[in-house]
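Student: The following block contains a protein sequence and its predicted model.
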Amino acid sequence: MKCLHILYLYMGEVESIVLKVLSTRCSVQLCRAGEENGLQKDGWDLVVLQDAVYCLLQTSFCHKLKKYPWLFVSTRPDIRGYMAPATNLFGVVNLSGINLSLWGIPKELQVRLDYPVEKVADWYFYEQQPEVCRIAYCPTGNSVQENDFKLISFVQKTNAFLTIVSDRYRALANAFPPFVRVVPEKDGLAVFKKSHLVVASGQDAVCALAVCKPCVVLGDCGLGGLVTPANYEQLQSVSFSGRKGGCPGEFVPIDLLETEIRTVFSSDCKEEMLALRKKVLAVYGMDCFSTSLTGEVERITALSARLKSRKGRFELKPFRSSVFRVEELDGKMYIMRGLQCLGEIEDEMAGLLKQCDGTVTVSDLIGRNGFEPEDVVILWENLYALWKEKLILFAL
């Protein structure tokens, strides 16, 4: 990828991992929302908008940005992680995990990425009957109060020592019994290294597997159990949030929790842990994250260049997005986006759009349907208008 000039607008804290990847290959200019007046440069190849920064832009500055393609980066699982479809929106990097399709963002426009693991190592060690069993626990802070109590109850009647890795639990450190301590999240990896096993969910579980630590998934959606090569895909499909099919606040039987923890000490599972680490790196590795992100940047800049080229635009392959549909009412055809009607459409255009499946170029559509030269301009204007509404998208 050639060195691109990128304007990165953000609010709150900049997403460091995204900035790190972009900075290795591109010239990135950072700008916090509300501080646009200090920008001196113009002529960017791409504008990256992190979270709801776009709604805070000054009107005059926002007008400047309309000349460039936008890549929206969603990092928050709330309204700040959402952006309404816009003409300049070429792509969305979804790090928040929320379903943006429900809010009008076509799934084809999104690249769903998982945060890469911070550390990759082989910290596995096995003791069949350890003098002290060291367990690391990463609570979610949501529906975990009952889970906390059950885990502490189990530890209390064994030779285990529990380390809770949590910033929000620091205020409760003195309230726990002597066999429980609380450390900040920044010390999580150091705790993992010395622990026999990790009880966690979500990204914490992924991080544990990346350093070859046996991990019992216990999260907001119940008990997923000890991660093994056999159940890895099943647990990954629910983002290691708990049991597949589980619901928030689900009851966790204490006997099942004890069984899953004791299973860790039943046999040496080093080979299994190495196999799990390999699976983790295939999805959550830094190389995978970097390739996906830079690939999306390359796609957007290439699409932007073709849209600006009279020749290039006819080489694009239009296809209907997941938010596009046509409804018939009283003998007339209407274009719909969700419950919103965007207007009537002629039968000829409806038939042409059915041919847009991402495999046929605009030039092929023109030749296949016998358009006259004067109709070609109208066809492109119609396709481009639908693209601006994100009802159709273009493949390269």
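Tutor: It's in. Just so it is clear, the model here is predicted, and its values are computed rather than measured.
Student: shaky segments in this protein?
Tutor: For the chain, the stretches with pLDDT under 70 are 1, 38, 40-41, 53-62, 142-144.
Student: Any buried residues in the longest helix anywhere in it, and which?
Tutor: Using DSSP state H, we find that the single longest helix of the chain is helix 286-308. For helix 286-308, burial by neighbour count (16 or more other C-beta atoms under 10 Å) applies to F289, S290, L293, T294, E296, V297, R299, I300, T301, L303, S304, R306. C-beta coordinates here come from the backbone N, C-alpha and C atoms, glycine included.
Student: cool, and stretch 67-76?
Tutor: Applying 16+ other C-beta under 10 Å to stretch 67-76 flags Y68, P69, W70, L71, F72, V73, S74, T75, R76 as buried.
Student: can you name the two of those residues that are farthest apart?
Tutor: Y68 and R76 (23.5 Å; C-beta to C-beta).
Student: how about the buried residues of helix 286-308 in CSV, adding distance to V28?
Tutor: Conversion of these to CSV gives the following (distance: C-beta to C-beta, whole Å):
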residue, distance to V28
F289, 17
S290, 14
L293, 13
T294, 13
E296, 15
V297, 11
R299, 18
I300, 15
T301, 14
L303, 20
S304, 17
R306, 24
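Student: now could you export just the CA positions of the following helix or strand past the longest helix of the chain as CSV?
Tutor: Past helix 286-308, further along toward the C-terminus, the next helix or strand under DSSP states H and E is helix 310-313. The C-alpha coordinates for helix 310-313 follow below in CSV (Å, rounded to 0.1, in the frame of the first residue of the first chain):
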residue,chain,number,x,y,z
ARG,A,310,-15.2,8.4,-15.9
LYS,A,311,-13.6,5.2,-17.1
GLY,A,312,-13.1,3.6,-13.7
ARG,A,313,-16.7,4.0,-12.6
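Student: right, and the helix or strand after helix 310-313?
Tutor: By DSSP H and E, the next helix or strand past helix 310-313 is strand 317-320.
Student: other SSEs contacting that following strand?
Tutor: helix 362-368, strand 392-395 (3 or more C-beta pairs under 8 Å, 6 or more residues apart in numbering; DSSP states H and E).
Student: can you list contacts of the first one?
Tutor: In other words, helix 362-368. 313-318, 352, 355-356, 360, 371, 376, 379-380, 383 (C-beta atoms under 8 Å, 6 or more residues apart in numbering).
Student: Please pick the buried ones from these.
Tutor: R313, F314, L316, K317, P318, L352, C356, V360, L379, W380, L383.
Student: Quick one: the helices in the stretch 201-350 of the chain, in order.
Tutor: 202-210, 232-236, 254-263, 270-284, 286-308, 310-313, 347-354 (DSSP state H, counting those that start in this stretch).
Student: Specify which member of the contacts of helix 362-368 is nearest to K193.
Tutor: Of those, the one sitting nearest to K193 (C-beta to C-beta) turns out to be K317, at 49.9 Å.
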